[in-house]
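A.B. asks: just need the structure, nothing else, for what follows:
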Amino acid sequence: MNPAPRDPLHDFPAQALPPWRRAVLKVGSSLLAGFADAPGLDVRHAQALARFIAYAVQHGREVVLVSSGAVAAGRARVRAESGGLVRRQALAALGQAQLIGFWQALLPLPVAQVLLSHDDLRDRRRYLNARATLRELLALRALPVINENDTVAVDELKVGDNDNLAAAVAALVDADLLLIATDIGGLYSADPVTHADARAVERVARVTPALLDGAGGAGRIGTGGMRSKLEAAAKAAAGGIATALFCGRETSVLDALAQDRLHGTLIEPAGAAQPARKQWLRHAPAPGRIVVDAGAAAALRQRGASLLPGGVCAVEGSFRRGDVVEVLAREAAGAALARGLAQYSAEEVRRIAGRRSGEIEDVLGFRYGEAVIHRDDLVLLESGDAT
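C.D. replies: Numbers count the residues shown, from 1 in each chain. The predicted structure follows:
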């Protein structure tokens, strides 16, 4: 027999939220989906979330909403199962207007739809254009409702789940706080649905690999994909942004949140907020990875050097010149050491790997520079950080 449902107000005593002026709020499908006999979007939890948003904006704050639910809304319109990728894309297209209308009906402020794609976050010019548009919408006291452009995305070019999209958006708009509404009270030491002795975790100083491993491969400490939420929090923390996990089903929790009191888990930022360019490098989708030897890893980590072709051992994936790539140390167990802008394409890096910089033009017939990644276009990641 499973334990009785947990009470988030009891499990998570109120704590103060960090000061904030601009926040990104992520709301998942589990809080918006209707019942089996009434599919589509349901207002029973969304009303309190909308009331929180309206209160914040009325008091001079800015909120960006990352909302799931388009596929569920589309499925209800045609009474179809999700099926494969193409079917999900079609259902998302059918449901987008429904989703925006759903939030507009609940809010006294204008709602704007913003669909972002992998390329919008990868390409620097498109990234800056998206940033400018979102800032202008906030200046107009509108609520941007963001989702990934699922109707054109393919699996290998997706940002990922909406938790990680929310972290990327938080960096994009220079948010002070990432708010993730879940269907449980917050982070627990074990699945509270099956473990009566699971302890509530009120505060996390750092998202470690061990903590992520505890969330399980499928992403469940409790319910609602906790691993992806921790991954998103780690990305936000690396940019100096705190994350609050809380139960979006409890009206009292949301009423307290409006008064800057959190009944949930607060994941602390890793340090001061970083410049926007550094945040972009940390969060932009990376279509490929470069594996480097111990000497190159030490030069990057200890001297802040550029990555030269001589230190490259292997290239994974496919990327173009100007794409963001991850850099991994050959001796490390898969953890990224750095991220940066590739000066050469994946195929070009493969051809010059292990060579001296002076040989680049001889091998390729041209030369963009002596570095595979210049130090000005590179950001180091803390050892052990989740990225």
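A.B. asks: could you list the low-pLDDT ranges of the stretch 251-387 of the chain?
C.D. replies: With pLDDT under 70 as the threshold, the stretch 251-387 of the chain has low-confidence stretches at 272-274, 333-334, 383-387.
A.B. asks: now with 90, please.
C.D. replies: The model of the stretch 251-387 of the chain has pLDDT under 90 over residues 270-285, 304, 322, 330-336, 368-369, 374-377, 381-387.
A.B. asks: need the helices for it, in chain order.
C.D. replies: For the stretch 251-387 of the chain, applying DSSP state H, counting those that start in this stretch gives helices covering 251-258, 276-283, 294-303, 346-352, 360-364.
A.B. asks: neighbouring contacts of the last one?
C.D. replies: To tie it back to what came earlier, the one meant is helix 360-364. 309, 344, 348, 351, 352, 355, 367, 370 (C-beta atoms under 8 Å, 6 or more residues apart in numbering). Quick note: C-beta positions are derived from backbone N, CA and C, even for glycine.
A.B. asks: just put those in a markdown table and tack on distance to residue 237 and neighbour count.
C.D. replies: A markdown table is the format used below for the contacts of helix 360-364 (distance: C-beta to C-beta, whole Å; neighbours: other C-beta atoms under 10 Å):
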| residue | distance to residue 237 | neighbour count |
| --- | --- | --- |
| 309 | 33 | 24 |
| 344 | 31 | 25 |
| 348 | 34 | 21 |
| 351 | 37 | 15 |
| 352 | 35 | 22 |
| 355 | 37 | 16 |
| 367 | 38 | 16 |
| 370 | 34 | 14 |
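A.B. asks: determine which two of those are furthest apart.
C.D. replies: Spanning the widest gap among the contacts of helix 360-364 are 351 and 370, at 15.3 Å by C-beta to C-beta.
A.B. asks: quick one: distance of the helix or strand that contains residue 236 to the chain centre.
C.D. replies: Residue 236 is part of helix 226-238, with elements assigned from DSSP states H and E. Computed by C-alpha atoms, centre = their mean, to the nearest Å, the chain-centroid distance of helix 226-238 equals 7 Å.
A.B. asks: what about it, average pLDDT?
C.D. replies: Helix 226-238 comes out with an average pLDDT of 91.
A.B. asks: which neighbouring elements make contact with that helix?
C.D. replies: Identification of packing neighbours for helix 226-238 by 3 or more C-beta pairs under 8 Å, 6 or more residues apart in numbering; DSSP states H and E yields helix 162-172, strand 177-182, helix 209-215, strand 242-247, strand 264-267, helix 276-283.
A.B. asks: got JSON lines for the ones you listed, with distance to residue 17 and mean neighbour count too?
C.D. replies: JSON lines is the format used below for these (distance: least, C-beta to C-beta, whole Å; neighbours: other C-beta atoms under 10 Å):
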{"stretch": "helix 162-172", "distance to residue 17": "15", "mean neighbour count": "27"}
{"stretch": "strand 177-182", "distance to residue 17": "7", "mean neighbour count": "28"}
{"stretch": "helix 209-215", "distance to residue 17": "21", "mean neighbour count": "15"}
{"stretch": "strand 242-247", "distance to residue 17": "6", "mean neighbour count": "26"}
{"stretch": "strand 264-267", "distance to residue 17": "8", "mean neighbour count": "27"}
{"stretch": "helix 276-283", "distance to residue 17": "21", "mean neighbour count": "21"}
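A.B. asks: format these as CSV; extra columns: distance to residue 119.
C.D. replies: Putting these into CSV (distance: least, C-beta to C-beta, whole Å) gives the following:
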stretch, distance to residue 119
helix 162-172, 13
strand 177-182, 23
helix 209-215, 28
strand 242-247, 26
strand 264-267, 29
helix 276-283, 13
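A.B. asks: helix, strand, or coil at the residue lying closest to residue 8 once chain neighbours are set aside?
C.D. replies: In space, residue 8 comes closest to residue 185 once its chain neighbours are excluded; the distance is 3.1 Å by C-beta to C-beta, 6 or more residues apart in numbering. Secondary structure state of residue 185, per DSSP: H, G, I helix; E, B strand; the rest coil, is coil.
A.B. asks: same deal with residue 93?
C.D. replies: The local conformation at residue 93, judged by three-state DSSP, is helix.
A.B. asks: also residue 249?
C.D. replies: Local secondary structure at residue 249 is given as coil here, using three-state DSSP.
A.B. asks: tell me which element the nearest residue to it once chain neighbours are set aside falls in.
C.D. replies: Spatial nearest neighbour of residue 249, excluding adjacent residues (C-beta to C-beta, 6+ apart): residue 45 at 5.3 Å. According to DSSP H and E, residue 45 maps onto helix 43-58.
A.B. asks: between that helix and strand 177-182, how many degrees?
C.D. replies: Orientation of helix 43-58 against strand 177-182 (axes from the mean of the first three to the mean of the last three C-alpha atoms, to 10 degrees) gives an angle of 170 degrees.
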